[in-house]
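> next comes the sequence, and after it the predicted model I'd like to discuss.
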Amino acid sequence: MADEQVSARVDSWIWSVRLTRTRSAASDACRGGHVRVNGVRVKPAHAVRVGDEIRLRHEGRERIVVVSRIITKRVGAPVAAECYVDKSPPPPPREETVTVAVRARGAGRPTKRERRDLERLLGRPGAEGRGRRPE
């Protein structure tokens, strides 16, 4: 392409290649110090060029990407993936979800039966009913 861009704003580029869901989230990440270009914390208007290394801490993990193409418009995921080389460490394995006891808001205190059921669910000692026959 003859009209290939040389640089772009870092917040716009991060949003365009789908590293964040919204441009405002990308700007907030820059302002919060979660974006580094070549090891230096940057503001949202910092210019990125081909070959720059961008480190983004977002959603509990760090993404490390090297810019291979400059774009400013949001594109589809397959095209966006061609605009950078991903050098991020693999995401941590998903842990099994822990069962959480949830009560309806305003339901008041649990009854004895509900409390015993909750303790049994959480595996706490003494969950068996005292004086209650096993089922």
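Structure's in. What do you need?

> got the phi/psi numbers for Ala26?
Here is the backbone geometry of Ala26 (degrees, to the nearest 10): phi -70, psi -40.

> over to Ala80?
phi -60, psi -40.

> distance of it from Val17?
Using Cβ to Cβ, to the nearest Å, Ala80 is found at 4 Å from Val17. Where C-beta positions appear, they are placed from N, C-alpha and C, glycine not excepted.

> kindly report the same for Asp117.
Computed as Cβ to Cβ, the Asp117 to Val17 distance reads 48 Å.

> so what pLDDT did the residue positioned nearest the centre of the chain get?
Centroid check for the chain by Cα atoms, centre = their mean gives Glu59 as the closest residue, at 1.9 Å. Glu59 is assigned 82 on the pLDDT scale.

> got it, and the one 3 residues further on?
At Glu62, the predicted lDDT confidence score is 91.

> is it in a helix, a strand, or coil?
The three-state label given to Glu62 by DSSP: H, G, I helix; E, B strand; the rest coil is strand.
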